[in-house]
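In: I'd like to go over a predicted model; first the sequence, then the structure.
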Amino acid sequence: MTEIDFLADTMRRLLVGVPLTIALAVVSVACGMALAIALAVLRAGSRIAEPLVRAYVFVLRGTPLLLQIFMIYYGLGQFSWVRNSIAWDLLRQPWWCAILALSLNTAAYGSEIVRGGLNSVPSGAVEAARVAGMTALTRYRRIVLPIAMRQALPAYGNEMVIMVKSTSLASIITLMEVTGIAYAIISETYRAIEVFLCAGTIYLVLNFLLTRGIGALERRLNPQLGQAAH
């Protein structure tokens, strides 16, 4: 087999893992974003929850994601109350353990990004909504969160890119996404450089498409960016 044939065959085999990589990234980012918004709102609006949220963020940001995956996949099963709970049917599966670890991790980082967006909301807009008679929930839903998420989008886009790359860690708990398949091919061929080159190319393309999509969304939400470019 020539070098070109080997690279083509490797790329073909790695592409089989792309749907799983995308699914891990999409589900974990979606769940993590929902949790991040909730954490940021709690931290901003509740003195009781604020120290708990800070502790959560400190622990999840201060420990490696790899360790968190190990703790969830291998650690939770050591507790009998977990094994006897209805959640065990999910937590015994690598897919759900990976989703849980990735979601909790990105929520910790995302909550800080969203908190920065909340802090950037003009006080005048909030006051105007209050004068208009909006309830606190309505203000958050119609005024505060839309403005905050618009401000946070560039930084949150970077977090999404990081999460796409972080899905590669799911291979350590037997999930055969792109990196998991790459390890399997290397164990067969012992040609690490070529295989990882192909895997890196796939991640590069995925993140290129993601960054272009985020850029298009930024321009749509902030029309002045498109006008400035011209």
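Out: Okay, I see it.

In: in this protein, what spans have low per-residue confidence?
Out: Low-confidence segments of the chain, defined by pLDDT under 70: 1, 223-230.

In: how about a cut-off of 80?
Out: Low-confidence segments of the chain, defined by pLDDT under 80: 1, 45, 136, 221-230.

In: longest helix in it, please.
Out: When the chain is parsed with DSSP state H, its longest helix is helix 192-221.

In: centre-most residue in the chain?
Out: Residue closest to the mean C-alpha point of the chain, counted by CA atoms, centre = their mean, is V29 at 3.5 Å.

In: give the contact list for that residue.
Out: With contact set as CB atoms under 8 Å, 6 or more residues apart in numbering, V29 has these partners: 106, 159-160, 163. For the C-beta atoms, the positions are set from N, CA and C on the backbone; glycine is no exception.

In: go ahead and build a PyMOL selection from the buried members of the residues you listed.
Out: Below is the selection syntax for PyMOL that covers the buried ones among those, with 16 or more other CB atoms under 10 Å defining burial:
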select buried, resi 106+159+160+163
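
In: related to what we said a few turns ago, roughly how far is the longest helix of the chain from the heart of the chain?
Out: Between the centre of helix 192-221 and the centre of its host chain there is 15 Å, according to CA atoms, centre = their mean, to the nearest Å.

In: other SSEs contacting that helix?
Out: For helix 192-221, the helices and strands in contact under the criterion 3 or more CB pairs under 8 Å, 6 or more residues apart in numbering; DSSP states H and E are helix 3-15, helix 18-45, helix 145-166, helix 178-189, helix 223-229.
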